[in-house]
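[1] model this:
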Amino acid sequence: MLRYFSREIILIAMIVSLSAGILRACGPFFPNRVLLDGDNVVLKAPIASFQKEIERIKPPVPTQFEAVIPTKKGGYYTERYSQQTATIDVAEVENALAGRNLSEEHRYNIIEKYRAAREVILEYVTGLSRWQNERKWSWRTNKYDLAKVPKPQFNAPLIPEGLPGEFEDYLRGAIFYHQGEPWNAVDAWLDLLNRPVQERLYRSTWAAFMIGKTLLEAEPAEAIEWFQIVRQLAEEGFVDSLGLASSSLGWEARAALSLEHYERAIGLYVAQMATGDPTAILSLQFAAGKALRSEQEVLEEIARNATARKVITAYVISRRRTWDSWLSAVESAEVSAVEEAEQLALASYQMGEMDIAQRWLDVAPPDTILARWVRAKLLLRAGKVPEAAEQLVPIASWLPPAQQPRSGYQGAEAIEIRIRGELGVLHLARRQYIEALDVLLQGGYWEDAAYVAERVLTADELIEYVNLKWAPLEQTEISEKDYGIIYNANNPNWFRIRIRYLLARRLARIRRWDEARAYYPAKWQERFDAYIQAIRDGENEYISSRGRAAALWKAACITRYEGMELLGTEVEPDWFVYSGNFKRTPASEIRGFDGDTKIVPSTADEQRRLRRNFVPEKRFHYRYTAAECAWRAAELMPDESDETARVLCIAGSWLKVRDPQAADRFYKTLVLRCGKTQLGREADKLRWFPKIKIDKNKLLEGSPNAK
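    Numbering: from 1, shown residues only. Below you'll find the model as predicted:
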């Protein structure tokens, strides 16, 4: 009945731990990149995923039980553990009463009184948890006076008459427990367990579990026996609707840990994790960390236990610090040819022990992902770049392609993910540009791939690659959110859509319009057609000046308000990848010059390509393009015209905040050519542009309508 209290504390800890990773940076989703770190990106020690490493470990004890956790919806729990427990408790009272010869009214009254008693306990436990959190917060921040944070009081509920005996015994024990009378609570639960088997089907596992919890601090060895009894009762068929058999593995591990029985504790936590309990992973981390602080001879004993050795090794290689004591313990324990030899090779590499890393690689399976990766890093340190690449190339073909850009704290990336990024850097340094682009895309390194696609490859090379690898999709396979900016991407076709879209905008910027159209998403093809037709009409000398001016003005408006979608660069300077809202250090700033990088340098050929491949100099360059179209339109329009004045005023307003110098010619021309119009007079009086309301939608229709 009180299982939820401890489970909630663990769950809160897990949320806090995960939140710590989320709070590393403010702002939007920023994908990981590998082209900015020079040699460090291929030499630095990989950081493994603790959870993934643990999932590979076979539990040393039977795991036929399953954890029972609250239902999730949309990634969130629909109720707390405490509420789940209360709901199950009342439901089982109803089941127990259903077979009794009671009137419906009598049965209803018992159930409602029991529900009320449970609500009293639930409210107290919830309040107690909140109080404890407030005290922790107060202590850490000195924000509150601890004396002003009152501890909730427990008002014992009445035990309803007519309850089945096992529920009455259990509730009595729970009340004693909350009143701070643990031995009376244990006596009540022992009374329950002394009942005949048929009279304690529902609450036997609960009672044994709570006896174990109550004894945990004072008598951990005896508590262990009770947690084992919980699993025995579940095996014998007693009801275990809360999954206490699964939880008992973790609680027994906690008792073993308090007795410094590290091997037993770690094995039990591994078994608990195998039952599906999400709290087990944090418990394993805690246990491994505590074990690593032991004396060297204790560590050597732990190293001889296969399961404990695997867990602690997983812990070591998933942390950003060295544990020389563990490496020494494994060496001193004279463990050889172990299953986790490749993990120990990684641990050795992390600690700078390259000779030891090589020794472990010699006894590790030769063709696993991790073994190949560590071997590649050792080869890179020896300057053998082609041989290192040969180790990584097969791995890339073994892995499924990424379905969306890689995100999060780079050091926490899964090993299997990071390999493709490093291989992409190696390809780039060896002038294998198509291979670099492909492996970066397959690995989910979108910004790095966009750099290669926009700045390194020629337009024709990019066309050939896209046509070969990323054929167009049927429109039925594309949803609206596929066109969203990077941190909304969640479709397996995202890269296909975006690499084609990047190519479309690149071709449009160099006026290869006929080729560009097919690569735009269908959503933007119609607008692209309108833009190109407007440009062509504006440049057609066989059309009247008025018609050309109208066409150029329409092109200006489309360019200004839809230029990001039609012409924007994926990375610098426009950063379409973030819809223009953010910018980051461009890869070209690092790769465009000679540096200290020796293993994966920017070659002279790559630098020449950066200078040769056209990219706009100014951020939001299409705004300047729009203003230029408007200027050409105004040149074809009459002086002292309200319509001409509006075109000049609106176009100048597009630039006046960001680039007043570029806007100045529009202001001066407005005064000189349209000084007798209302806008011209206001501009002359203000010595700058007057305020003007702009109707974006009407402008996109080609009208300079403004009030």
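[2] Can you list the residue ranges for helices in the stretch 301-450 of the chain?
    Chain-ordered helices for the stretch 301-450 of the chain, with DSSP state H, counting those that start in this stretch as the definition, fall at 306-317, 324-332, 341-350, 354-363, 369-381, 385-398, 415-429, 433-443, 446-451.
[3] Tabulate those in TSV, adding columns for distance to G243 and mean neighbour count.
    (Each C-beta comes from the backbone N, C-alpha and C, glycine too.) Formatted as TSV, the helices of the stretch 301-450 of the chain follow (distance: least, CB to CB, whole Å; neighbours: other CB atoms under 10 Å):
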stretch	distance to G243	mean neighbour count
helix 306-317	22	24
helix 324-332	33	19
helix 341-350	31	26
helix 354-363	39	17
helix 369-381	34	22
helix 385-398	36	16
helix 415-429	32	24
helix 433-443	38	24
helix 446-451	41	27
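[4] need those helices in a markdown table with distance to E515, can you?
    Shown next, in a markdown table, are the helices of the stretch 301-450 of the chain (distance: least, CB to CB, whole Å):
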| stretch | distance to E515 |
| --- | --- |
| helix 306-317 | 49 |
| helix 324-332 | 58 |
| helix 341-350 | 47 |
| helix 354-363 | 50 |
| helix 369-381 | 39 |
| helix 385-398 | 30 |
| helix 415-429 | 26 |
| helix 433-443 | 19 |
| helix 446-451 | 19 |
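[5] closest one to D39 among those helices?
    The closest of the helices of the stretch 301-450 of the chain to D39 is helix 369-381. By CB to CB, the value is 8.2 Å.
[6] Quick one: list the elements packing against the closest one.
    Counting contacts by 3 or more CB pairs under 8 Å, 6 or more residues apart in numbering; DSSP states H and E, helix 369-381 packs against helix 40-43, helix 341-350, helix 354-363, helix 385-398, helix 415-429.
[7] and of the helices of the stretch 301-450 of the chain, who's closest to A651?
    helix 446-451 (30.5 Å).
[8] Low-confidence regions, the stretch 51-200 of the chain specifically.
    Applying pLDDT under 70 to the stretch 51-200 of the chain flags the ranges 72-79, 136-149.
[9] at 50 what do you get?
    Within the stretch 51-200 of the chain, the segments meeting pLDDT under 50 span 140-141.
[10] and the gap between E53 and I312?
    Counting by CB to CB, to the nearest Å, the gap from E53 to I312 is 11 Å.
[11] ugh, wrong one, S653
    Applying CB to CB, the value for S653 to I312 is 65 Å.
[12] Kindly report the same for A185.
    37 Å.
[13] end-to-end on stretch 61-68?
    Start-to-end span of stretch 61-68 (CA to CA, to the nearest Å) is 19 Å.
[14] can you check stretch 314-324 too?
    Calculated as CA to CA, the first-to-last residue distance of stretch 314-324 is 14 Å.
[15] Isn't Q343 up against S318?
    No. Checked against CB atoms under 8 Å, the pair Q343 and S318 is beyond contact range at 9.9 Å.
[16] Tell me the residues that contact both of those two, please.
    Shared contacts of Q343 and S318 (CB atoms under 8 Å, 6 or more residues apart in numbering): A48, E53.
[17] circling back to that earlier point, between the helices of the stretch 301-450 of the chain, which gets nearest to A253?
    Counting by CB to CB, A253 lies closest to helix 306-317 out of the helices of the stretch 301-450 of the chain; the figure is 11.5 Å.
[18] on contacts alone, who are the packing partners of that closest one?
    Contacts defined by 3+ CB pairs under 8 Å, 6+ apart place helix 306-317 against helix 50-55, helix 262-274, helix 280-292, helix 296-303, helix 324-332, helix 341-350.
[19] next one: the shortest one to chain centre, how far?
    Its chain's average C-alpha position is 17 Å from that of helix 50-55, according to CA atoms, centre = their mean, to the nearest Å.
[20] Which positions in it come out as buried?
    Judged by neighbour count using 16 or more other CB atoms under 10 Å, the buried positions of helix 50-55 are F50, E53, I54.
[21] list the contacts for N155?
    Residues near N155 by CB under 8 Å, 6+ apart: V120, Y124.
[22] is it true that it lies in a strand?
    No. Under DSSP: H, G, I helix; E, B strand; the rest coil, N155 sits outside any strand and is assigned coil.
[23] What separation do you get for it and E562?
    The spacing between N155 and E562, counted by CB to CB, is 66 Å.
[24] ok so Q64 is a strand residue?
    No. Applying three-state DSSP, one finds Q64 to be coil, outside a strand.
[25] show me what contacts it?
    Contact analysis of Q64 by CB under 8 Å, 6+ apart lists E235.
[26] May I have the phi/psi pair for I694?
    Reported as degrees, to the nearest 10, the phi and psi values for I694 are phi -120, psi 120.
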